[in-house]
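# using only what follows, build the 3D model:
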Amino acid sequence: MGTKVPAELVSYGEAATPYRRQDFGGIMTGNPAFLALGPLVVHGAKGEVKLSGDRQRILLNMLLLESNRVIEVERLIRAIWDDSPPVTDRSQIRICISSLRRQFAGGDVPATIETHKTGYQLQVRDDDIDLHRFARLIGQARLEARTRAPGEVVGLFREALALWRGPLGAGLGSPLLDSVALKYHEDYHSALEDCFELELRLGYHRRILGELTHHVTEHPFRETLIAQLMIALFQSGRTADALALFRTTRRRFSEELGIEPGERLRSLERLILGSSEARTQSEEWRDLLFGPTSLTDSPTTPRRLLPSPSI
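Below you'll find the predicted structure:
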């Protein structure tokens, strides 16, 4: 996203970029025809379909969000023109719909647009839309985390996260679409944090250092990500870097927000400062370091002690 990496973060990970889905054995069986998580892309049997402008992209994004349900014309008008629609708004909507129908037919896209009394309905399989596949995979991962081993669940999270190419409708200038996109943006980061939680419990702390560094740099006020990076650094034997990250975070929170970091970050600092080889192998340490999680703390999921910082 173009954010400059602060000097104090550069050394935390080998590369401050996400790694690829195949590193985790992605299990996706086919690419969705509609890619809305990022710049809108449509694929049919004959290849990519070229869309014709922001207005058409906004309209199609709205249809994808409400796929297999009727979306009212008034909502489409608001998404495209906000509070200042032209007198020809309904006519222009019809022109956009007709154009999309021709493009779908010409590109052999597996979807149709139906006209209803109050609006339009996109008929398409949910798994042919990345944002719906994303939601399904995340829901499946969280459900299966209660009965399956963390290593099996991580693959579902990673498949879902690989679908994310950027915010929904970014740059299209639609306040309505931007407000809807906030939900998916938060869902993405929540899923990312859940995935990192499992990976840390599996002992993948070295493996995810670069990716965690990238996300903390992009989102320096997300305390869960910061805590996870502190844990990964400490578990990689980099105690000084973990403490330096806390100090940087405390200074940033104080200077920019006028507050102290939350209890988890402050507790982590105290735990790391008072750590010892015996203590890092205890169940008490594991509970204090990670805290409770709805993903893995269930009667059917065995608890795993943290490796020592030297591993």
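# how near is Trp164 to His185?
According to CB to CB, to the nearest Å, Trp164 stands 9 Å off from His185. C-beta here means a position set from N, CA and C on the backbone, and glycine is covered the same way.
# er, Asp83 I mean
To His185, Asp83 is 24 Å away according to CB to CB.
# the more surrounded of the two?
Neighbour comparison, Asp83 and His185: the larger count goes to His185, with 16 against 6 (by other CB atoms under 10 Å).
# ok, now which ones touch that one?
Going by CB atoms under 8 Å, 6 or more residues apart in numbering, His185 touches 167-168.
# phi first, then psi, for it.
phi -60, psi -40 (degrees, to the nearest 10).
# show the pLDDT at it.
You'll see His185 listed with a pLDDT of 93.
# how about the helices in the stretch 101-250 of the chain?
130-144, 150-161, 175-201, 209-218, 223-235, 239-252 (DSSP state H, counting those that start in this stretch).
# nearest to Leu271, out of those?
helix 223-235 (8.8 Å; CB to CB).
# and that closest one, how far out from the chain middle?
The chain centroid and the centroid of helix 223-235 are separated by 18 Å under CA atoms, centre = their mean, to the nearest Å.
# what does stretch 209-218 give?
How far stretch 209-218 lies from its chain's middle: 13 Å, per CA atoms, centre = their mean.
# now stretch 237-248
For stretch 237-248, the distance to the chain centre is 26 Å (CA atoms, centre = their mean).
# excluding chain neighbours, what is closest to His215?
Leu225 (5.3 Å; CB to CB, 6 or more residues apart in numbering).
# just say which of the helices of the stretch 101-250 of the chain is most tucked in.
Across the helices of the stretch 101-250 of the chain, averaging neighbours per residue (mean count of other CB atoms under 10 Å) puts helix 223-235 on top, at a mean of 24.
# okay, the angle between that helix and helix 175-201?
Computed by axes from the mean of the first three to the mean of the last three CA atoms, to 10 degrees, the angle separating helix 223-235 from helix 175-201 equals 20 degrees.
# quick one: list the elements packing against helix 223-235.
With contacts taken as 3 or more CB pairs under 8 Å, 6 or more residues apart in numbering; DSSP states H and E, helix 223-235 sits against helix 175-201, helix 209-218, helix 239-252, helix 263-273.
# which residues in the stretch 1-150 of the chain form strands?
Counting by DSSP state E, counting those that start in this stretch, the stretch 1-150 of the chain has strands at residues 34-35, 41-44, 47-49, 70-72, 112-115, 119-123.
# looking at the ones you listed, which is buried most?
Of all the strands of the stretch 1-150 of the chain, as judged by average neighbours under mean count of other CB under 10 Å, the leader is strand 34-35 with a mean of 22.
# pLDDT averaged over it - what is it?
pLDDT averaged over strand 34-35 gives 98.
# show me what that strand is packed up against.
Using 3+ CB pairs under 8 Å, 6+ apart, strand 34-35 sits against strand 41-44.
# starting from the strand it packs on, tell me which strands it pairs with and how they run.
Using DSSP bridges, the neighbouring strands of strand 41-44 in the sheet come out as strand 34-35 (antiparallel), strand 47-49 (antiparallel).
# who wins for proximity to Gly151 among those?
That would be, of the strands paired with strand 41-44 and by CB to CB, strand 34-35, which comes in at 28.4 Å.
# now do stretch 218-225, average pLDDT.
Here the average pLDDT along stretch 218-225 is 96.
# scratch that, stretch 139-148
Rounded mean pLDDT across stretch 139-148 is 93.
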